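Enquirer: Let's see this in three dimensions:
(one chain, ligands or ions: 1)
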Amino acid sequence: MSDYLTVVDHPLVQHKLSLMRDKATPTADFRRLLKEITLLLAYEITRELPLTSQPIDTPLEEMDAPVLAGKKLALVSILRAGNGMLDGVLELVPSARVGFVGLYRDAKTLEPVQYYFKVPEPLADRPVIAVDPMLATGNSSVAAIDLLKEAGATDIKFLCLLASPEGVARMKDAHPDVHIVTASLDRELNEKGYILPGLGDAGDRMFGTK
Ligand code: URA
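Expert: This is a model prediction of the structure:
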């Protein structure tokens with residue numbers, strides 16, 4: 001564990017992740033498990049949200065009670081698989097604003113190209129959590145964070161289900177200020193850019209497209 005990467009080794013997270021990895025797990029269960037794990041990971045990634053205090057009356061007396069400070073959290077899904085992580089975070093932080101970043105890989109240059117970008121405004125001064133279940137090569141994650149910074153974000157965290165060592169290294173190189181929280185740092189990428197042991201294509205497994 002480092003300051004840059006947090007692997008959440010909570011037994012419930014690890015048990016649910018093993019169920020998700022199993023290729024026999026059906027789409028509906030995969031989706032539900034992703035939501036449940038995301039909620040647990042969200043608990044970890046939000047632990048440094050700033051607090052202020054506000055006077056309230058309990059039934060017994062007045063007190064200065066801690067409440068979240070500042071602008072509402074911006075939750076940004078990196079399409080399309082990031083959408084499977086939205087509900088888990090929103091269950092914990094219902095008032096979060098939600099944005100979307102769409103990127104595809106150009107077949108010739110292999111570079112990520114933006115096809116959609118819609119985020120809460122202003123993004124500056126807001127805590128931002130970008131979500132994508134698989135941090136594989138890191139190319140799309142780095143490009144998405146580039147876009148969020150261009151849009152003014154200065155406080156960004158990255159939430160994923162699985163990370164590869166290659167993806168973490170790429171992100172750390174490009175965005176050393178972006179803390180990553182994940183359920184597992186897997187062994188490696190294969191030649192096609194899939195994470196090993198991994199869980200396959202997260203988008204296909206959650207949406208049943210293959
Ligand atoms: N994207 C996925 O969905 N799975 C991987 O293993 C790598 C990237």
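Enquirer: of all the residues in this structure, which ones are close to the ligand?
Expert: Selection of the chain residues close to the ligand by Cβ under 6 Å from any ligand atom yields Ala81, Met134, Ala136, Gly193, Tyr194, Ile195, Gly198, Asp201, Ala202, Gly203. Glycine gets a C-beta too; all of them are placed from N, C-alpha and C.
Enquirer: Contacts only, for the fourth one.
Expert: Gly193 is in contact with Ala136, Thr137, counting by Cβ atoms under 8 Å, 6 or more residues apart in numbering.
Enquirer: how about it, secondary structure?
Expert: Counting by DSSP: H, G, I helix; E, B strand; the rest coil, the backbone at Gly193 sits in coil.
Enquirer: Which phi and psi values does it adopt?
Expert: Backbone torsions for Gly193, taken as degrees, to the nearest 10, come to phi 90, psi 10.
Enquirer: what does the fifth one give?
Expert: Recorded main-chain torsions at Tyr194 are phi -90, psi 150, according to degrees, to the nearest 10.
Enquirer: Secondary structure of Ala65: a strand, I assume?
Expert: Yes. Counting by three-state DSSP, Ala65 is part of a strand.
Enquirer: That one: how many residues sit nearby?
Expert: 13 (other Cβ atoms under 10 Å).
Enquirer: Which strand runs longest in the protein?
Expert: Longest strand in the chain by number of residues (criterion: DSSP state E): strand 97-105.
Enquirer: and the very next helix or strand once past that one, what does it pack onto?
Expert: As assigned by DSSP states H and E, the chain's next helix or strand after strand 97-105 is strand 112-118. Contacts defined by 3 or more Cβ pairs under 8 Å, 6 or more residues apart in numbering; DSSP states H and E place strand 112-118 against strand 97-105, helix 139-150.
Enquirer: Give the rounded mean pLDDT of stretch 133-144.
Expert: For stretch 133-144, the mean per-residue pLDDT is 96.
Enquirer: contact partners of it?
Expert: Against stretch 133-144 from outside (Cβ under 8 Å, 6+ apart): 34, 76, 78, 81-82, 84-85, 101, 103, 105, 110-112, 114, 130, 132, 158, 160-164, 166-171, 174-175, 180, 182, 189, 193-195, 198, 202, 206.
Enquirer: In it, which residues are buried?
Expert: For stretch 133-144, the neighbour count (16 or more other Cβ atoms under 10 Å) marks Pro133, Met134, Leu135, Ala136, Thr137, Gly138, Asn139, Ser140, Ser141, Val142, Ala143, Ala144 as buried.
Enquirer: Appreciated, that's everything.
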